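# predicted model and sequence below, questions to follow.
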Amino acid sequence: MLNNKKGIIFGVANDHSIAWGIAKKLSEKGAEIAITYQNDIFLKRVKPLASKINSTFLIECDFNKADSIEKTFNIIKTKWGKIDFIIHAVAFSDKNDLNGRYIDTSKENFLNSLNISCFSLTKIAKLSQPILNNGASILTLSFYGSKKVIPNYNVMGVAKAALEASVKYLSVDLGSNNIRINAISAGPMRTLAGAAIANAREVYKYTEENSSLNRSVLLEEIGNSALYFVSDLSLAVTGEIHYVDCGFNIIGIPKKKL
C-alpha cells in the first residue's frame with residue numbers, strides 16, 4: 001500500500017509512543033521512514049526502535065532550536081529529494097502546569113507549550129513545501145482535551161485546540177498544492193507525554209469504563225488510522241479531526257452514572 005513512499009516522523013520517544021505505533025504500521029505496508037530525535041538521550045531509545053523497521057535515517061531535531069526544523073528538511077532534501085508524508089507527533093508542557101488549575105499557568109510555559117505543541121506544525125507545513133510530492137499527506141495528533149475540560153490537562157488542552165484550528169486553516173493553504181493535512185484525536189494512552197499529567201491513571205480508567213467499546217485504544221489501531229490518512233485511500237480527505245478513542249468522545253452521560 002505504501003511501497004515507494006517515503007516520509008518523516010517527528011516524535012518517537014519510546015516503544016509506547018503513538019508515533020512508534022504509526023511508524024511500525026507504515027513500515028509494515030512498505031514505507032521508508034526517517035525518524036527524528038531530540039537529543040542524544042532520546043537517540044539511545046530511538047535507535048533500537050528504528051532498527052526494528054530497518055530505518056537508518058535518523059535526524060536530530062530539537063523544536064526548542066529556531067533553525068532545527070529547517071535543517072532537518074535540508075537533510076531530507078539532500079538524501080531523498082522529496083517525500084510523501086509527514087507525521088507530527090510532538091507536544092510539550094512543563095509538568096508543573098499539568099497539575100492543578102489552568103489559571104495558574106505561567107506565561108513562559110504557555111508560550112513554550114503553544115510553540116512546541118502547535119506552532120511547530122505550521123512551521124513544518126511551510127518549510128516542507130519544497131520537498132513534498134504532489135498528493136502528499138501531513139498528519140498530526142490531538143486529544144479530546146481540546147474540546148472538553150480534562151482535569152489537569154490545562155494548557156495542553158488550549159494547545160491542542162489551537163492545533164486543531166491550525167489543521168483546518170492549513171488545509172486550505174495546502175490544498176492548492178494538492179497536499180492534505182489531518183489530525184487523529186486518540187484516546188488516552190500510557191505514553192511518556194501522558195505520564196506527565198497528574199492523575200493520569202484515573203483518566204485511563206474512566207475512559208476505559210465509559211467509552212462505547214468499554215476499553216482503551218491500542219497503538220496498532222491508531223497506526224491503522226494513520227495508514228488510511230497517509231495512503232491514497234484518503235486522497236479526498238483533508239482538514240479533518242478523526243477520533244480513535246473507542247467512542248469515548250460521543251458519550252454525554254455514561255449509562256453507569258445513571
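Cool, got the structure. Numbering: from 1, shown residues only.
# contacts, neighbours, all on C-alpha from now
OK.
# give the rounded mean pLDDT of stretch 14-28.
Stretch 14-28 shows a mean pLDDT of 96.
# ranges for the helices of the chain?
18-28, 40-52, 68-80, 107-114, 120-127, 155-175, 200-210, 219-230 (DSSP state H).
# any chance of those in a markdown table, plus distance to Asn3 and mean neighbour count?
What follows is the helices of the chain, written out as a markdown table (distance: least, CA to CA, whole Å; neighbours: other CA atoms under 10 Å):
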| stretch | distance to Asn3 | mean neighbour count |
| --- | --- | --- |
| helix 18-28 | 9 | 23 |
| helix 40-52 | 18 | 15 |
| helix 68-80 | 15 | 16 |
| helix 107-114 | 35 | 16 |
| helix 120-127 | 23 | 18 |
| helix 155-175 | 24 | 20 |
| helix 200-210 | 36 | 17 |
| helix 219-230 | 12 | 20 |
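# mean pLDDT for the ones you listed: which is lowest?
Across the helices of the chain, the lowest-scoring stretch is helix 200-210, with a mean of 87.
# got the helices of the chain as a markdown table, with distance to Phe92 columns?
Listed next are the helices of the chain as a markdown table, based on distance: least, CA to CA, whole Å:
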| stretch | distance to Phe92 |
| --- | --- |
| helix 18-28 | 14 |
| helix 40-52 | 15 |
| helix 68-80 | 16 |
| helix 107-114 | 6 |
| helix 120-127 | 11 |
| helix 155-175 | 8 |
| helix 200-210 | 16 |
| helix 219-230 | 20 |
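# nearest to Leu139, out of these?
Nearest to Leu139, of all the helices of the chain, is helix 219-230, at 7.3 Å by CA to CA.
# how far is the closest one from where the chain is centred?
Mean-position distance between helix 219-230 and its chain equals 12 Å (CA atoms, centre = their mean, to the nearest Å).
# biggest strand in this structure, by residue count?
strand 132-142 (DSSP state E).
# what is the orientation angle of that strand with helix 18-28?
140 degrees (axes from the mean of the first three to the mean of the last three CA atoms, to 10 degrees).
# Ala23 and Ile9 touch, don't they?
Yes: Ala23 is in contact with Ile9 according to CA atoms under 8 Å; the separation is 7.3 Å.
# list residues touching both of these two?
Residues touching both Ala23 and Ile9 by CA atoms under 8 Å, 6 or more residues apart in numbering: Ile33.
# coming back round to it: nearest to Asn249, of the helices of the chain?
Nearest to Asn249, of those and by CA to CA, is helix 200-210 at 9.4 Å.
# using PDB, write down the CA coordinates of the closest one.
This file holds the C-alpha atoms of helix 200-210, laid out as PDB (Å, rounded to 0.1, in the frame of the first residue of the first chain):
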ATOM      1  CA  ALA A 200      -3.400  10.100  34.500                       C
ATOM      2  CA  ARG A 201      -4.200   6.600  35.700                       C
ATOM      3  CA  GLU A 202      -7.700   7.700  36.900                       C
ATOM      4  CA  VAL A 203      -8.300   9.300  33.400                       C
ATOM      5  CA  TYR A 204      -7.300   6.000  31.700                       C
ATOM      6  CA  LYS A 205      -9.600   4.000  34.000                       C
ATOM      7  CA  TYR A 206     -12.500   6.400  33.500                       C
ATOM      8  CA  THR A 207     -12.300   6.400  29.700                       C
ATOM      9  CA  GLU A 208     -12.000   2.600  29.600                       C
ATOM     10  CA  GLU A 209     -15.100   2.200  31.700                       C
ATOM     11  CA  ASN A 210     -17.200   4.800  29.900                       C
END
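# alright, that wraps it up for me.
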